[in-house]
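# For reference, the sequence and a predicted model appear below.
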Amino acid sequence: MSKKLNILFATVYGNAENVANNINKIAIDNSFVSQVNELNDVDAKMLQEIENVIIVSSTTGEGEIPENGEDFWNLLDSNPELNHINYGVIALGDRSHDNFCNAGKLIDEKMLALKAKQISPRLECDGDTAGSDEWAESFIDMIK
Ligand SMILES: Cc1cc2nc3c(=O)[nH]c(=O)nc-3n(C[C@H](O)[C@H](O)[C@H](O)COP(=O)(O)O)c2cc1C
């Protein structure tokens, strides 16, 4: 049976969504059943059904999660148990700002605290999305 992969993004200008869509193509090429959603599309029920997930989040404001990820952040704040989830985070940011890649960092640390299994160390992208495809290929190889 094909494995499932959820790809979730939070974005302001679309970079994280583009990364998520590219990862979706890679997942399909690897015979995964994959699905792309905004982080805020995830509710408590969906969270319990997720097996494998890649989260791509940019950082906005002064180290904040984009608005379309805020509901997800609040959901994590209710401390659901996530030990059934394999996950990885791609953090988009820019070193010209303080709090480099802080949104991805916050989400990554919270997922880990909730006992989700981190498959690959967080990728932090500085001003572009370089390395995200390669990171996703490696992630997918590890959960195949
Ligand atoms: C108003 C604004 C605030 C930002 N704040 C941060 C920040 O606090 N930390 C950081 O690492 N990057 C910050 N960035 C950089 C973005 O995270 C980065 O450009 C990212 O690639 C945007 O991705 P998106 O199109 O998915 O939103 C900021 C960018 C803008 C325009």
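Received it, and whenever you're ready, just let me know what you need.
# Assign a three-state SS to residue 90, would you?
Per DSSP: H, G, I helix; E, B strand; the rest coil, the secondary structure class of residue 90 is strand.
# Any part of the longest helix seen in the chain near the ligand?
Longest helix of the chain, by residue count under DSSP state H: helix 15-29. Yes: Helix 15-29 reaches the ligand (CB under 6 Å from any ligand atom) through 15, 16. Every residue, glycine included, has its C-beta placed from N, CA and C.
# Run the chain-centre distance for that helix.
Distance of helix 15-29 from the chain centroid (CA atoms, centre = their mean, to the nearest Å) equals 11 Å.
# Would you mind listing what in this protein touches the ligand?
11-16, 58-63, 66, 92-94, 97, 99-102.
# now those: which count as buried?
11-12, 15-16, 58-60, 63, 66, 92-93, 100-102 (16 or more other CB atoms under 10 Å).
# As JSON lines, those with secondary structure, pLDDT and distance to residue 86 would be great.
Shown next, in JSON lines, are those (DSSP: H, G, I helix; E, B strand; the rest coil; pLDDT from 0 to 100; distance: CB to CB, whole Å):
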{"residue": "11", "secondary structure": "coil", "pLDDT": "98", "distance to residue 86": "23"}
{"residue": "12", "secondary structure": "coil", "pLDDT": "98", "distance to residue 86": "27"}
{"residue": "15", "secondary structure": "helix", "pLDDT": "98", "distance to residue 86": "24"}
{"residue": "16", "secondary structure": "helix", "pLDDT": "98", "distance to residue 86": "20"}
{"residue": "58", "secondary structure": "strand", "pLDDT": "98", "distance to residue 86": "23"}
{"residue": "59", "secondary structure": "coil", "pLDDT": "98", "distance to residue 86": "24"}
{"residue": "60", "secondary structure": "strand", "pLDDT": "98", "distance to residue 86": "27"}
{"residue": "63", "secondary structure": "coil", "pLDDT": "98", "distance to residue 86": "27"}
{"residue": "66", "secondary structure": "coil", "pLDDT": "98", "distance to residue 86": "24"}
{"residue": "92", "secondary structure": "strand", "pLDDT": "98", "distance to residue 86": "21"}
{"residue": "93", "secondary structure": "strand", "pLDDT": "98", "distance to residue 86": "24"}
{"residue": "100", "secondary structure": "coil", "pLDDT": "98", "distance to residue 86": "26"}
{"residue": "101", "secondary structure": "coil", "pLDDT": "98", "distance to residue 86": "21"}
{"residue": "102", "secondary structure": "helix", "pLDDT": "98", "distance to residue 86": "24"}
